[in-house]
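1. What follows is a protein structure lacking sequence information:
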Ligand SMILES: Cc1cc2nc3c(=O)[nH]c(=O)nc-3n(C[C@H](O)[C@H](O)[C@H](O)COP(=O)(O)O)c2cc1C
């Protein structure tokens, strides 16, 4: 699939995705600050971190923070997990009442905490329950309902493909498949064959997910599966500009990327407050330092204890990097001409 194809819109009824490069839901990572950055760089679709469908957890701080919308017009897509069709329908109703423009159901999570409650990927072999859940949620809300799943329970079954088909028949509008089984969790190669089988059997759009980190891996995933688009998780951490690059835009200059890291840091401090913000920031800034090629500085950043120290450190790094880039550019005229060193 070319840049142009990935950058074309995808119609899901009452919601139109502005392109086909989506940010995957990742609990503890794809919060409002991260989704704000991803949206700014052109992500076509973003799903909130998973919220439990248990209504008694509705008012916990964690659940409330996960249901906050990103400013700037991004359609609010909320993911939920659970196993009781009635409770899930009620949760979906509440979410849609709060402004969710799309509801995503998680049938892929391998986490023990989720599977112990027979939710997430634990449901994959239970097509009747999957059908009942999707039907109940679809009838409860007027917004599109999507599902996210894996290839199956084990490497050699395709329960996830059957689940995707069952979800389509029950009224789902789009499916995302992570090309690994529940048993594989996040390890081993992504398998495209089952995803391709799902694309063939489905009429609704399918996004392929798993180990997509750049143009090449996106092209391979789409070519091998005939998927309608891609969903990216870990590959976007520390480089939200990936969405811009995959939809035909330019790679931002080093100066711009440094500024993006600083901007993201401030969003985290503001959103979580200074104490929690400092902890959350460590996960993200270490990823930025890696993608910016200065991983050796990670221990220094991790040792900083306050928001002020983090901000001051990052400002100093940015100034120092920009100065050194300018010096290099002066020393080598061809570098000055290279937009990456602006
Ligand atoms: C830390 C972490 C948290 C995740 N949380 C969720 C989640 O809440 N819901 C979900 O459907 N998938 C979740 N996933 C799975 C991702 O959405 C995605 O399917 C998986 O990471 C494979 O894609 P990637 O190789 O692009 O990261 C999570 C993954 C990670 C690494």
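-> Arrived safely. These figures come from a predicted structure and were not determined experimentally.
2. Test my guess that residue 208 contacts residue 223.
-> No. Residue 208 lies out of contact with residue 223 (Cβ atoms under 8 Å); the separation is 10.2 Å. Any C-beta I mention is one placed from the backbone N, CA and C, and that applies to glycine too.
3. Tell me which of those two has more neighbours.
-> Between residue 208 and residue 223, residue 208 has the larger neighbour count (other Cβ atoms under 10 Å), namely 27 against 12.
4. Now do the same for the more buried one: its pLDDT.
-> With respect to pLDDT, residue 208 scores 98.
5. Repeat that for residue 327.
-> Residue-level confidence at residue 327 comes out at 74, pLDDT.
6. State which one residue of the protein is found closest to the ligand.
-> The ligand sits closest to residue 233 of the chain, with a gap of 2.7 Å, by Cβ to the nearest ligand atom.
7. residues near that residue, how many?
-> 20.
8. same thing with the one 10 residues further on?
-> A count of nearby residues for residue 243, using other Cβ under 10 Å, gives 26.
9. That one and residue 23 touch, don't they?
-> Yes. Using Cβ under 8 Å, residue 243 is in contact with residue 23, at 7.3 Å.
10. who touches both of those two?
-> 38, 43, 232, 236 (Cβ atoms under 8 Å, 6 or more residues apart in numbering).
11. now, which of those lie within helices?
-> Mapping the shared contacts of residue 243 and residue 23 onto helices (DSSP state H) picks out residue 38.
12. Which one of the shared contacts of residue 243 and residue 23 sits in the busiest neighbourhood?
-> residue 236 leads the shared contacts of residue 243 and residue 23 on contacts (other Cβ under 10 Å) with 30 neighbours.
13. Give me the nearest residue to that one, chain neighbours excluded.
-> residue 242 (5.2 Å; Cβ to Cβ, 6 or more residues apart in numbering).
14. Name the residues of the longest helix seen in the chain that come out as buried.
-> For the chain, the longest helix by residue count, based on DSSP H, is helix 307-331. For helix 307-331, the neighbour count (16 or more other Cβ atoms under 10 Å) marks 307, 310, 311, 313, 314, 317, 318, 321, 322, 325, 329 as buried.
15. cool, stretch 210-226 as well?
-> Under the neighbour-count criterion of 16+ other Cβ under 10 Å, stretch 210-226 has 210, 211, 212, 217, 218, 219, 221, 222, 224, 225 buried.
16. tell me which of the residues you listed is nearest to residue 302?
-> Distance to residue 302 across the buried residues of stretch 210-226 (Cβ to Cβ) is lowest for residue 211, with 26.2 Å.
17. Quick check: which element contains that closest one?
-> Under the criterion DSSP states H and E, no helix or strand holds residue 211.
18. quick one, phi/psi of the residue lying closest to it once chain neighbours are set aside?
-> Once flanking residues are discounted, residue 211 sits nearest to residue 190: 4.9 Å by Cβ to Cβ, 6+ apart. Phi and psi for residue 190, reported as degrees, to the nearest 10, are phi -70, psi 140.
19. For residue 158, grab phi and psi.
-> phi -130, psi 40.
20. who touches it in this structure?
-> Residue 158 touches 151, 152, 194, 197, counting by Cβ under 8 Å, 6+ apart.
21. who wins for neighbours among these?
-> Neighbour-wise, the contacts of residue 158 (other Cβ under 10 Å) top out at residue 151, 32 neighbours.
22. What segments of the stretch 151-300 of the chain are strands?
-> Ranges of strands in the stretch 151-300 of the chain, per DSSP state E, counting those that start in this stretch, are 174-178, 206-209, 229-232.
23. how many other residues sit next to the residue nearest to residue 292 when sequence neighbours are not counted?
-> Leaving aside its chain neighbours, residue 292 sits nearest to residue 257 (6.1 Å; criterion: Cβ to Cβ, 6+ apart). By the measure other Cβ under 10 Å, the count of residues near residue 257 is 20.
24. what does the one 10 residues further on give?
-> Other residues lying near residue 267 total 20 when counted by other Cβ under 10 Å.
25. Of the strands of the stretch 151-300 of the chain, which stretch is the most buried?
-> Counting by mean count of other Cβ atoms under 10 Å, strand 174-178 has the highest mean neighbour count of the strands of the stretch 151-300 of the chain, with a mean of 28.
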